[in-house]
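Task: produce atomic coordinates for the following.
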Amino acid sequence: MVQPDVWKELSAWCNTKNITLVAVSKTKPVEDILALYELGQRDFGENYVQELLSKHEQLPADIRWHFLGHLQTNKVKYIAPFVHLIHAIDSSKLLQEVAKHAQKLGRCIDVLLQMHIANEDTKFGMDETQIEACVQWYKEQPWADQSIRVCGLMGMASFTENTEQVRQEFLQLTQCFHKLKQTYFEDNASFTVCSIGMSGDYEIAAAVGGNMIRIGSMLFGKR
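Numbering: from 1, shown residues only. Predicted coordinates for the structure are as follows:
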């Protein structure tokens, strides 16, 4: 069930801190998404391509759809025409595939590179060395900043009650972000996003420089 009072409070908090609130709507019905939309929410995040396609067809055209889940290269073509931001680019191969479809469509697709910061093998993402190599490769491509814009980093912390561990993991990402910004994107106005923090740890994320949070259960209730 949608929590309108929670949305209003969280949205106001995000506005004061210049943080983008992405409402994670995976597995939730279109009626719940529409209820938040009517309150003023425009950024929604989905994890599964087929579910995103269905919701995109049924809901208002001005929704900004964020793809949050692990994206297979053979599924890129389905979301490329309309996706607002792909959060989970975890390889140069996937980046190239997104660029290929962006070029076919004549549009520029914004993406985030996914950094593996958790102490868990089940989460996807690149380490800092791999991210830097991916950025170096990206900057050499003729379609860089034209068919694809790398807008920042995304990461997920470990599932733990150890808040200091979570803080250190988020800090690892924000430090990598600033290093990349200084080295490769100093003059790039689009490289601005640190997408970290979910319902249980968004305040920690904000405290270390996160500026995009992905909130599901707080807004829609438990799945």
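
Which positions in stretch 9-27 come out as buried?
Neighbour counts over stretch 9-27 (16 or more other Cβ atoms under 10 Å) mark 10-11, 14, 19-26 as buried. C-beta: built from backbone N, CA, C; applies to glycine.

Quick check: end-to-end length of it?
24 Å (Cα to Cα, to the nearest Å).

got the contact list for that stretch?
Contacts with stretch 9-27, where a contact means Cβ atoms under 8 Å, 6 or more residues apart in numbering, come from 7, 32-33, 36, 40-41, 43-48, 51, 55, 66, 68-69, 193, 195, 198, 206, 210-216, 218-220, 223.

Please compute how far it lies from its chain's middle.
The gap between where stretch 9-27 is centred and where its chain is centred comes out at 13 Å by Cα atoms, centre = their mean, to the nearest Å.

quick check: mean pLDDT across it?
Here stretch 9-27 scores 97 as its mean pLDDT.

Tell me where the protein has helices.
Shown for the chain, the helices assigned by DSSP state H span residues 4-17, 30-39, 49-58, 76-79, 92-105, 128-139, 163-184, 202-207, 217-220.

Name the residues of stretch 137-145 that are buried.
Residues of stretch 137-145 classed as buried under the neighbour-count rule (16+ other Cβ under 10 Å) are 138, 143-144.

Just give me the closest of those residues to residue 90.
When the buried residues of stretch 137-145 are compared for distance to residue 90 (Cβ to Cβ), residue 138 wins out at 13.4 Å.

Report whether the expected contact of the closest one with residue 94 is present.
No - contact criterion Cβ atoms under 8 Å: residue 138 and residue 94 do not qualify, at 11.5 Å.

what residue ranges in the protein score low on pLDDT?
122, 223 (pLDDT under 70).

No more questions from me, cheers.
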